[in-house]
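Q: All I have is the shape, not the residue letters:
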């Protein structure tokens, strides 16, 4: 099973260390760990951080057939956590991943339907060249599913970019804050956020307005909710059990575990429970793609 992620690979810079990161890379690394063939279209710099990133891609099993070495520095992001354990990001620019190329090999592969799924977000669209590159992929590619992790960061998004992703995806993953943003900015009709079924109503509206098959809503300590348009069903996971040390990478692990199982035909609720199981472990660790016990991977990995 082949999946392609389009977007950033970067280094998260903490007070005492650096860790490889970027949502598309994290997603791909977890997918590979769960047994899928994970490819990424991105760019790194011709510098020490870029060389280290390429080595880590190899170690994590992320296939780099479409990774460009650009004449810009490898991306970095300064990360701190607020009092609630939520990560705060300060992204450098311009950097290598602002200049992703669609090479002829990639264009040929997507046009021949090599990939079951394309992953995209909003951050990599912060400049016009990447926006054009992604349009080229979508207009020429044959994908069974297009997965969007909205991934709103700093001021690197606008209505055009958000609506572009919403209109092109068949599976959407958002967190609680992003859902509130969509409601506040009238991407959906006005809903009282205090009403008991706000999450269900909002996800249903998003799905119907943008013709999205699945809307995945992560709710931190409250687990996750998924709206399935094909069956007009809402699924709610169990609540996670662990206390969060760091939320960096948790959403990406959730996305990867859900998609890995969904592509292999598992029921939506089971996909959701397995996704929460993985992200519940990741929040207890430092770094976006921490080592995971093999017993846990065996429980989550599709058979």
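A: That came through, no problem. Note that the structure is predicted; figures quoted are calculated from it, not measured. Residues are numbered from 1 along each chain as shown.

Q: So for the closest residue in space to residue 207 that isn't next to it in sequence, what pLDDT did the model give?
A: Leaving aside its sequence neighbours, residue 207 sits nearest to residue 229 (Cβ to Cβ, 6 or more residues apart in numbering; 4.7 Å). Every C-beta, even on glycine, is put in place using the N, C-alpha and C of the backbone. pLDDT for residue 229: 97.

Q: In contact with residue 229, which residues are there?
A: Remark: with contacts taken as Cβ atoms under 8 Å, 6 or more residues apart in numbering, residue 229 is in contact with 207, 208, 212, 213, 214, 215.

Q: What about the residue lying closest to the fourth one once chain neighbours are set aside, how many residues nearby?
A: By the measure of Cβ to Cβ, 6+ apart, the closest residue to residue 213 outside its immediate chain neighbours is residue 170, 4.7 Å from it. Residue crowding around residue 170 was assessed by other Cβ atoms under 10 Å; the count is 18.

Q: do the same with residue 204
A: Residue 204 has 17 nearby residues by other Cβ under 10 Å.

Q: wait, what's in contact with the spatially closest residue to it that is not a sequence neighbour?
A: Sequence neighbours aside, residue 227 is the residue nearest to residue 204 in space, at 5.6 Å (criterion: Cβ to Cβ, 6+ apart). By Cβ under 8 Å, 6+ apart, the contact list for residue 227 reads 200, 203, 204, 206, 207, 214, 215, 217, 233, 234.

Q: For residue 182, state which of those is nearest.
A: residue 206 (6.7 Å; Cβ to Cβ).

Q: ok so that closest one is a helix residue?
A: Yes. Per DSSP: H, G, I helix; E, B strand; the rest coil, residue 206 lies within a helix segment.

Q: just the helices in the stretch 101-250 of the chain please.
A: With DSSP state H, counting those that start in this stretch, the ranges of helices along the stretch 101-250 of the chain come out as 104-111, 128-140, 159-168, 176-184, 198-210, 250-263.

Q: Bridge partners for the residue nearest to residue 204, pull those for me.
A: Beta bridges link residue 227 to residue 215, residue 234 when assigned by DSSP bridges.

Q: any idea how far it is from residue 203?
A: Residue 227 is 4 Å from residue 203, where distance means Cβ to Cβ, to the nearest Å.

Q: quick one: common contacting residues for those two?
A: Joint contacts of residue 227 and residue 203 (Cβ under 8 Å, 6+ apart) are 215, 217, 234.

Q: For burial, what's the neighbour tally of the first one?
A: Going back to what we said before, that points to residue 215. For residue 215, the neighbour count with other Cβ under 10 Å is 26.

Q: residues touching the residue lying closest to residue 239 once chain neighbours are set aside, list them.
A: Nearest non-adjacent residue to residue 239, counting by Cβ to Cβ, 6+ apart: residue 223, 4.8 Å away. Residue 223 is in contact with 236, 237, 238, 239, 240, 276, counting by Cβ under 8 Å, 6+ apart.

Q: Would you mind finding the most buried of the helices of the stretch 101-250 of the chain?
A: helix 250-263 (a mean of 27; mean count of other Cβ atoms under 10 Å).

Q: any idea of the angle it forms with helix 176-184?
A: Angle of helix 250-263 versus helix 176-184, following axes from the mean of the first three to the mean of the last three Cα atoms, to 10 degrees, is 80 degrees.
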